[in-house]
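Engineer: one predicted model, sequence on top.
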Amino acid sequence: MQSAVKRWTMLAVIGLFFFMVIVDGSIVAIAIPDIARDLAITTGATTLIISSYLITICASLLLFGQIGDQFGRSRVFKWGTLIFLVGSFLAGSGGSLSIVLLGRFVQGIGASMTMANSYALVTDIFPPEQLGRAFGIEGIFISLGALAGPGLGGLILVQLPWNYIFWINLPLGLLCLIAEVAVFPKSQQRSSSKIDWLGAASLALATSALYLATMQLRYWWVMILLMVIFSYIFWRVESKIAVPLLDFKIFRYQLFSQSLLVAFLSFIVAYFFTILAPLYLQLVLQYSPGVTGLLLMVTPIVSLVASPLAGYISDRYDQRLEMTIGMAILVVAQLSLAFATARFEPTYFIFNSVLIAVGTALFGTPNNVIVMQAVPNKMRGLAGATNSLVREFGLVLGTTLSTLIFYRLLSLFSQRQVDTALGMARPILLKAQRGTYLVALLLLSVALFILIWHRKKELTSNGDR
């Protein structure tokens, strides 16, 4: 067991790097107009820079979790940090979309290597009586990372070109790597099990096919068919292999499965705001990237206060009730966003940002605790990896669905094929935004219904006893 100072230092390093990795999933959003102009591409094409990073993480997350189990989680985490830094340098130095996408792919591999092993590393180094506190602190880094990307990007763009939204990772990542070499365990015993390469390949192909199906391709139905075929192959492989990437027995725990499903819906919706908010602030309200960045920092700043308070409430009161209240607040926020009219700004935007921060904290904090505690200790590593996979997969779908719906609505309302938001009239942008947020509202309403229905069922069951 590590000393107390070493344990908390490791947690701080893991949390900081986790924050940076998750920020990189959303920081590009605010730079979409600048990147589109600089690379002479459409704003729709620019979202590939976001989704390619997320889809790479989804496709390889479980594979690197298994590799970490067999070759040493600490070792894989360190290599992942180094690869992430190489990808950050490539993405920032790209003079064309293809170079930027290559850098994002390399970044995604490195991010996946670290994310797949972070929960298990924390479990390895902390005693059981401190795990809840450790996971709560790591959850703060995750929540802040998911919310802070566009805001940090805006602050960077005030003084620097868009390339620096990637290069800012280099000094921070190097500090993390030095700390990892200094304080992480030097070696871990290697397992004799084999790597599930067939399962990893089928999962990667299924994930890629689903992503391609959500794009505006002519033969999208072929991608759906391929996704079904590869998903079936993955299920068959995982059901028969001795050491699977994903042990489907974990889904037999009802509370785990339900909490994961509701979280999945919330993760999808989270990126609707990430994609649309910078466009709304810069193209509808005509705010500069600097002002946009400051306004987008409202949510993460509020989260700094809301997340610890939500953790305090979660430790002392009904976690299921807290989750339900948080989800109800998120539903109200989506309804309010859907009917934004560009009036009373920026007060109206700040109000909605506060609602999102509070709702996310009240829902996400107890949900993470429930997910990790709903399974036996021996499956906690798998629960953490699955939770990470669901989060990243939800963010991929959120990016692609919000982009697809938004540009389809822009085309409908402008009565012509549209793949860029630049130069569009304000009323058309507002109507397309409204329709996109209404879809998000529907998804969160389903999540809220699931929470209320299961809570009512639980109370009825307890009453019968």
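Structural biologist: Nice, I can see it. Numbering: from 1, shown residues only.
Engineer: the protein - how does it break down into domains?
Structural biologist: Listed by automatic domain parsing, the domain ranges of the chain are 4-184+243-464, 197-242.
Engineer: want to throw these into CSV with mean neighbour count and mean pLDDT?
Structural biologist: C-beta coordinates here come from the backbone N, C-alpha and C atoms, glycine included. CSV is the format used below for those (neighbours: other CB atoms under 10 Å; pLDDT from 0 to 100):
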stretch, mean neighbour count, mean pLDDT
domain 4-184+243-464, 20, 86
domain 197-242, 16, 85
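Engineer: correct me, but residue 428 touches residue 412?
Structural biologist: No - contact between residue 428 and residue 412 fails when scored by CB atoms under 8 Å: they sit 9.5 Å apart.
Engineer: what sits against residue 126?
Structural biologist: Residue 126 sits next to 7, 11, 134 when contact means CB atoms under 8 Å, 6 or more residues apart in numbering.
Engineer: residue 407 against residue 42, yeah?
Structural biologist: No - judged on CB under 8 Å, residue 407 makes no contact with residue 42 at a distance of 9.1 Å.
Engineer: where do the strands sit along the stretch 301-450 of the chain?
Structural biologist: Assigned by DSSP state E, counting those that start in this stretch, the strands in the stretch 301-450 of the chain number zero.
Engineer: one more: the stretch 1-150 of the chain?
Structural biologist: Using DSSP E, counting those that start in this stretch, strands in the stretch 1-150 of the chain do not occur.
Engineer: ranges for the helices of it?
Structural biologist: 4-23, 32-39, 43-46, 48-71, 73-93, 97-125, 128-159 (DSSP state H, counting those that start in this stretch).
Engineer: and of those helices, who's closest to residue 225?
Structural biologist: Smallest distance to residue 225 across these (CB to CB): 18.7 Å, for helix 48-71.
Engineer: could you dump that closest one to PDB, C-alpha only?
Structural biologist: Coordinates of each C-alpha in helix 48-71 appear next as PDB, following Å, rounded to 0.1, in the frame of the first residue of the first chain:
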ATOM      1  CA  LEU A  48     -14.900  15.700 -37.300                       C
ATOM      2  CA  ILE A  49     -12.100  17.000 -35.200                       C
ATOM      3  CA  ILE A  50     -14.200  16.400 -32.100                       C
ATOM      4  CA  SER A  51     -15.900  13.200 -33.100                       C
ATOM      5  CA  SER A  52     -12.800  11.400 -34.400                       C
ATOM      6  CA  TYR A  53     -11.100  11.900 -31.000                       C
ATOM      7  CA  LEU A  54     -14.100  10.500 -29.100                       C
ATOM      8  CA  ILE A  55     -14.700   7.600 -31.500                       C
ATOM      9  CA  THR A  56     -11.100   6.500 -31.200                       C
ATOM     10  CA  ILE A  57     -11.400   6.400 -27.400                       C
ATOM     11  CA  CYS A  58     -14.700   4.400 -27.600                       C
ATOM     12  CA  ALA A  59     -13.200   1.900 -30.000                       C
ATOM     13  CA  SER A  60     -10.100   1.100 -27.900                       C
ATOM     14  CA  LEU A  61     -11.100   1.800 -24.300                       C
ATOM     15  CA  LEU A  62     -11.900  -1.800 -23.200                       C
ATOM     16  CA  LEU A  63      -8.800  -3.100 -25.100                       C
ATOM     17  CA  PHE A  64      -6.400  -0.900 -23.100                       C
ATOM     18  CA  GLY A  65      -8.200  -1.800 -19.900                       C
ATOM     19  CA  GLN A  66      -7.400  -5.500 -20.600                       C
ATOM     20  CA  ILE A  67      -3.800  -4.600 -21.600                       C
ATOM     21  CA  GLY A  68      -3.400  -2.700 -18.400                       C
ATOM     22  CA  ASP A  69      -4.600  -5.600 -16.400                       C
ATOM     23  CA  GLN A  70      -2.000  -7.900 -18.000                       C
ATOM     24  CA  PHE A  71       1.000  -5.700 -18.500                       C
END
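Engineer: ok and that helix relative to helix 97-125, angle-wise?
Structural biologist: 40 degrees (axes from the mean of the first three to the mean of the last three CA atoms, to 10 degrees).
Engineer: for helix 48-71, name the packing helices and strands.
Structural biologist: helix 73-93, helix 97-125, helix 197-214, helix 380-414 (3 or more CB pairs under 8 Å, 6 or more residues apart in numbering; DSSP states H and E).
Engineer: other SSEs contacting the second one?
Structural biologist: Just to be clear, that refers to helix 97-125. helix 4-23, helix 32-39, helix 48-71, helix 73-93, helix 128-159, helix 380-414.
Engineer: find the residues that touch each one of residue 407 and residue 42.
Structural biologist: residue 419.
Engineer: now for the residue lying closest to residue 44 once chain neighbours are set aside: which residues touch it?
Structural biologist: Leaving aside its sequence neighbours, residue 44 sits nearest to residue 419 (CB to CB, 6 or more residues apart in numbering; 4.0 Å). Residue 419 makes contact with 42, 43, 44, 45, 407, according to CB under 8 Å, 6+ apart.
Engineer: spatially nearest residue to residue 248 (excluding sequence neighbours)?
Structural biologist: residue 238 (6.3 Å).
Engineer: thinking the one you found is in contact with residue 247, fair?
Structural biologist: Yes - at 7.5 Å, residue 238 counts as touching residue 247 under the criterion of CB under 8 Å.
Engineer: which secondary structure elements does the helix or strand harbouring residue 231 contact?
Structural biologist: According to DSSP states H and E, residue 231 maps onto helix 220-240. The contact analysis (3+ CB pairs under 8 Å, 6+ apart) places helix 220-240 against helix 197-214.
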